[in-house]
Every structure is written in structure tokens, then in C-alpha cells.
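Colleague: fold the stuff below for me.
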Amino acid sequence: MTEILELGEPAIAVTLKRGANLRRLSLRISGIDGRVTLSLPNRVSLREAESFLRDKEPWLRKHLAAQPDLINVAVGTQIPVEGHLREVVEARRRSVGLFPDHIAVPYGADKAAIRVRSFLKTLARDRLAEASERYATALGKPFGRITLRDTRSRWGSCTSEGNLMYSWRLILAPEDVLDYVAAHEVAHLAEMNHSAKYWAGLARLKPGYEAPRKWLRKNGAALHKYQF
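Modeller: Got it, this is the predicted structure:
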């Protein structure tokens, strides 16, 4: 059962995560959605946890104030698609459409955000499949299947069976960033590690990968602030 503590006023919800192998209390704020988690050994009492949190409250509030505000996607919202901000607007059409400065959804469409998300996931799959195929051909290594998820901890992965997984939110990033992640994961078809040999192979596969990698490390968390 998940334990939740409320700290101070206005209340900060803190999720308690207990573990028999934990040696000390550890506080974490998600850079994606601002969720606060306190990891603690099983032996630590609730009273001790509350005391620890009260001591950390000023630090918590300071860092939470610096978190980006979440944006609930709806008609009128601006969201990035392939790195360009586009406004969600209603239009006389039957399906969602992408234009240079806007995303059009049908007039009176129920759950516009869900329809936009579905459209973006399809677009992401098309872009990632094309990039993966291009890099796999260049590498001379075939991949298995492609799976899209809304992952928090990673933008992509490659299994030992050659299956690729990507976050569909990459479609929100500039095109070269999505392309880099595809190259990064395809490169693992040759080297299932992050050794010097792997990075050298990635550099041959995608020269200049450092710039989009740097962009993702700096700006990637902000792509999760859009709530569909």
C-alpha cells in the first residue's frame, strides 16, 4: 500500500517508498512532474519521516517553485511539434491535421487532447520507423519491432533481441533530436553498451550527434509538462 504524507501549508504530497535494503532516508523531486518521493528503510517510523521532511521543507519548496508548470492541452494551447510551437485550433475537418503554425482538430470534437495525442503518437511512429530503418540499413544490422511508450526515465532502448523502444514525446522535440535518439538506439544493435567503441560507432552513424544529445539533456524534461 502506498503511503502519502502531506507536508506544510499549502500541502506538499510526499510519497513514501520503503525498502528493507535502504540504509538512509533519501528525498527526490521528479524533474518531469514535480512528484516528491521519500525513500526510507523499513525500520524508520512515520514520526521520524515527518521530522525529516519538516527539516527539508524550505529546500523542497525552493526546488518545487523552480519546476516548470504543467500544461493541460486543449483548444487554444500551444504545444511544440517537431520543435515548432503550434496552437491547437478547431477547424471544419474530420480528422486531426498538422500545419506550420497550428494543429487542427474537428469542431466540437470530444476530448481534443486525446485526439491530438493519438495523432502525435502516429506521427512519432512514422518518423521513428523511418529514421530507425535508415540507420539500421547504414549499419547493416536489422532491428525487430518498434514500441512506443510514454517513459519518464529514458527516451529509448534496444533489447538484446534487437527490439527498439522509444518515447512518443520525441515528436515534440526538434527533428534532429528525434533522429539522434533513433541513431543512438540503432547503434546498440552493434554494441550493447556505452563503451568507447559504441560512441565511436555512433559518431560514424550520425556525425555531430553531440548537439542534439546536449539539447535533450538540457530540455528533455520540459517535454513532459504537456498533459494530454
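
Colleague: what about the strands in this structure?
Modeller: Secondary structure of the chain (DSSP state E): strands at 3-7, 12-19, 26-29, 36-41, 71-72, 78-81, 84-91, 97-98, 102-106, 146-149, 156-158, 164-167, 226-227.

Colleague: and these, which one averages the lowest pLDDT?
Modeller: Lowest mean pLDDT within the strands of the chain: strand 3-7, a mean of 85.

Colleague: for the protein, what spans make up the helices?
Modeller: Here the chain has its helices, by DSSP state H, at 46-65, 112-139, 175-187, 196-205, 210-219.

Colleague: residue nearest the centroid of the chain?
Modeller: In the chain, the residue lying closest to the centroid (C-alpha atoms, centre = their mean) is residue 152, at 4.7 Å.

Colleague: need the pLDDT of that one.
Modeller: At residue 152, the pLDDT recorded in the model is 80.

Colleague: now do residue 66
Modeller: Per-residue confidence (pLDDT) for residue 66: 74.

Colleague: avg pLDDT for stretch 205-216?
Modeller: Here stretch 205-216 scores 97 as its mean pLDDT.

Colleague: burial count for residue 49?
Modeller: Neighbour count for residue 49, taken as other C-beta atoms under 10 Å: 18. Glycine gets a C-beta too; all of them are placed from N, C-alpha and C.

Colleague: again with the one 10 residues further on
Modeller: Other residues within reach of residue 59 by the criterion other C-beta under 10 Å amount to 11.

Colleague: can you give me the pLDDT of it?
Modeller: Confidence score, pLDDT, at residue 59: 90.

Colleague: please apply the same query to the one 3 residues further on.
Modeller: Each residue has a pLDDT score; the one for residue 62 is 86.

Colleague: distance of it relative to residue 151?
Modeller: Look at residue 62 and residue 151: by C-beta to C-beta, to the nearest Å, they are 28 Å apart.

Colleague: how about residue 169?
Modeller: Relative to residue 151, and taking C-beta to C-beta, residue 169 is found at 8 Å.

Colleague: those two: which is more packed in?
Modeller: Set residue 169 next to residue 151 and count neighbours by other C-beta under 10 Å: residue 169 wins out with 24 against 15.

Colleague: so the more buried one sits against residue 148, correct?
Modeller: No - using C-beta atoms under 8 Å, residue 169 is not in contact with residue 148; the gap is 9.5 Å.
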